[in-house]
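Asks: Starting from these lines, generate the structure:
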Amino acid sequence: MRGKGRKANLSDSRDMDGSYDQLTDSIEDDFELSTVCHRPEGLEQLQEQTKFTKKELQVLYRGFKNVNTYSNFFSQECPTGLVNEDNFKQIYSQFFPQGDSSMYAHFLFNAFDTDHSGSVNFEDFVSGLSIILRGSIDDKLNWAFNLYDLNKDGCITKEEMMDIMKSIYDMMGKYTYPNMREDAPMEHVENFFQKMDKNKDGVVTIEEFIESCQKDENIMRSMQLFDNVI
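Replies: Modelled structure (predicted):
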């Protein structure tokens, strides 16, 4: 029974990364699969849960699995396929080497880590990416709201929005041209609340957020920018 289970697991993983060649049953591939502590859900199940095709999932899985070849993405002791926050910050910092992306990466990691386990696996990653790239407008706006709602209490405060804006400024604002003013994050927050806090109670609810975004042509265009990525 154990032999049969292992064979099924090997088959599932090969199916996921698209690397299995019946003529070259790689010993290296067998060794890698035997040391992986976390295997992604079945390909068909992920297709049902996301808006990605089989081929797209294979491409995403190969990238997620092999990213450790250049960035220490996985633990050297056990390549679990799970990414903790420190690893995530390390990866994200490579995209913004001129700034400090650690705080924004912290917020982004929490948005992907939906079960608050302290780690992100392939299912977490691809589920979030499916919403960002292929979700409906409402799906994308709900995901964005969840990112900004730092304490997950169902509303965005000025303090939360200010923390987000400061993290973006630290990540890239100081290196934009022309340079952003020091008061730019606060000005952005004030504009955000002036537009979205309909009842002026000092917080923005999900309903206010979605309604305001849907009426903003620039936001609606930005929601569609990545629809055909991958």
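Asks: Quick one: name whatever helix or strand follows the worst-scoring helix or strand of the chain on mean pLDDT.
Replies: Sorted by mean pLDDT, DSSP states H and E, the helices and strands of the chain end with helix 27-35, the least confident at a mean of 39. As assigned by DSSP states H and E, the chain's next helix or strand after helix 27-35 is helix 43-49.
Asks: Which other helices and strands does that next one contact?
Replies: Helix 43-49 sits against helix 2-17, helix 54-66, helix 122-134, with contacts defined as 3 or more CB pairs under 8 Å, 6 or more residues apart in numbering; DSSP states H and E. Where you see a C-beta, it was placed from the backbone N, CA and C, and this is true even at glycine.
Asks: Would you mind checking which of the ones you listed scores lowest on average pLDDT?
Replies: Looking at the helices and strands packed on helix 43-49, the lowest mean pLDDT belongs to helix 2-17 (a mean of 45).
Asks: Okay, now the unreliable bits of the chain?
Replies: Low-confidence segments of the chain (pLDDT under 70): 1-41, 65-81, 173-180, 225-230.
Asks: let's see 90
Replies: 1-84, 86-88, 90-99, 114-116, 119-126, 132-134, 168-185, 217-230 (pLDDT under 90).
Asks: What residues of stretch 142-162 count as buried?
Replies: 142, 144-150, 155-158, 160-162 (16 or more other CB atoms under 10 Å).
Asks: just checking, V83 touches F122?
Replies: No. If you go by CB atoms under 8 Å, V83 and F122 don't touch, sitting 9.3 Å apart.
Asks: out of the two, which sits in the busier spot?
Replies: Shown here are V83 and F122; by other CB atoms under 10 Å, V83 has more neighbours (25 against 21).
Asks: excluding its backbone neighbours, what's nearest that one?
Replies: Counting by CB to CB, 6 or more residues apart in numbering, V120 is the residue found nearest to V83 once chain neighbours are left out, at 4.7 Å.
Asks: Can you tell me how far that neighbour is from F52?
Replies: Separation of V120 from F52 (CB to CB, to the nearest Å) stands at 17 Å.
Asks: cool, and K215?
Replies: Counting by CB to CB - K215 and F52 are separated by 30 Å.
Asks: so the closest residue to L82 other than its chain neighbours bridges to which residues?
Replies: Nearest residue to L82 in three dimensions, chain neighbours excluded: S119, at 4.2 Å (CB to CB, 6+ apart). S119 forms beta bridges with N84, as assigned by DSSP bridges.
Asks: For S119, give me its contacts.
Replies: 82-84, 113 (CB atoms under 8 Å, 6 or more residues apart in numbering).
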